[in-house]
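Trainee: I need the structure of the sequence given here:
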Amino acid sequence: MESSKANPNLADPVGERTLERFQLAKDFNYWMYQSIAPYCPSPCLEIGSGLGNISQHFIAIQKEICLTDLRPHYCSRLAKTFEGVVVKQLDLVAADFERQYAELIEQFASVYALNVVEHIEDDRQALENCCKLIRKGGNLVILVPAHQFLYNGLDEALGHYKRYSKKELRQLFEQLGLKVLKAQYWNAAAMAGWWWYGRIRKERELPASPLKRYNQLLPIIKFLDRCLLGQIGNSVLIVGQKN
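Mentor: Numbers count the residues shown, from 1 in each chain. The predicted structure follows:
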């Protein structure tokens, strides 16, 4: 399987091209930002900032935010794009996490990771370390791909170990001592596209043109999601509060 998984020493060509395509889907990115923003008080830390597709919206409202990524070249691009914003390289499953990132421990009112945890084989350790970064009473916001039956070549090429159910993620949050404030499926319309391009057409990357059309249809897509009340979707969005 060709995959960079979560290794900073390996190139991430598929992931980087995908991020660049999503960078052009501005309405979609803003919808994702709107979906998590109410649960992300300052100071906030983003895990896996990539190219800053979501970070830009927090920075635009002058939110106190720390951007992080595993890969040094993403950190360099973030620092160049968002001059003056704190950017750090961060390995969420580092063996000596608390020592290596001592200055970040319990410093944040919220930590969020969007489409990150599925790249990490030891997802429990990753979430445990996320909790270490949050102050008491702060929020952990996680968005991951949903439904293992949708797993296909698109997931493999992006380095996903798995896809999640809402029940599974809720149980993991509760085992970590987090009070679940919200747990829902999100972005239902994308399920058909993910299945069509990954399972039927055997694509290894999402093409740019359908992503552009998806962005144009976003008012309808958002309306569909509101009607489904978070009961079905291509992603799981969960928010937990640290006790």
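Trainee: direction included, what does the lengthiest strand in the chain pair against?
Mentor: For the chain, the strand with the greatest residue count under DSSP state E is strand 134-145. As defined by DSSP bridges, the strand partners of strand 134-145 come to strand 108-114 (parallel), strand 235-242 (antiparallel).
Trainee: now render those strands as CSV, adding mean pLDDT, distance to C44 and mean neighbour count.
Mentor: For every residue, glycine as well, the C-beta is placed using N, CA and C. CSV is the format used below for those (pLDDT from 0 to 100; distance: least, CB to CB, whole Å; neighbours: other CB atoms under 10 Å):
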stretch, mean pLDDT, distance to C44, mean neighbour count
strand 108-114, 98, 5, 24
strand 235-242, 98, 13, 24
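Trainee: take those strands and lay them out in CSV including distance to L217.
Mentor: Listed next are the strands paired with strand 134-145 as CSV, based on distance: least, CB to CB, whole Å:
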stretch, distance to L217
strand 108-114, 21
strand 235-242, 17
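Trainee: assign L92 to helix, strand or coil.
Mentor: Following DSSP: H, G, I helix; E, B strand; the rest coil, we place L92 in the coil state.
Trainee: excluding covalently adjacent residues, which one is nearest to it?
Mentor: A126 (4.6 Å; CB to CB, 6 or more residues apart in numbering).
Trainee: isn't that neighbour right up against L90?
Mentor: No. Checked against CB atoms under 8 Å, the pair A126 and L90 is beyond contact range at 10.9 Å.
Trainee: show me the helices in the protein, by range?
Mentor: Counting by DSSP state H, the chain has helices at residues 13-23, 26-36, 55-60, 72-81, 97-100, 123-132, 153-158, 166-175, 190-195, 208-216, 218-228.
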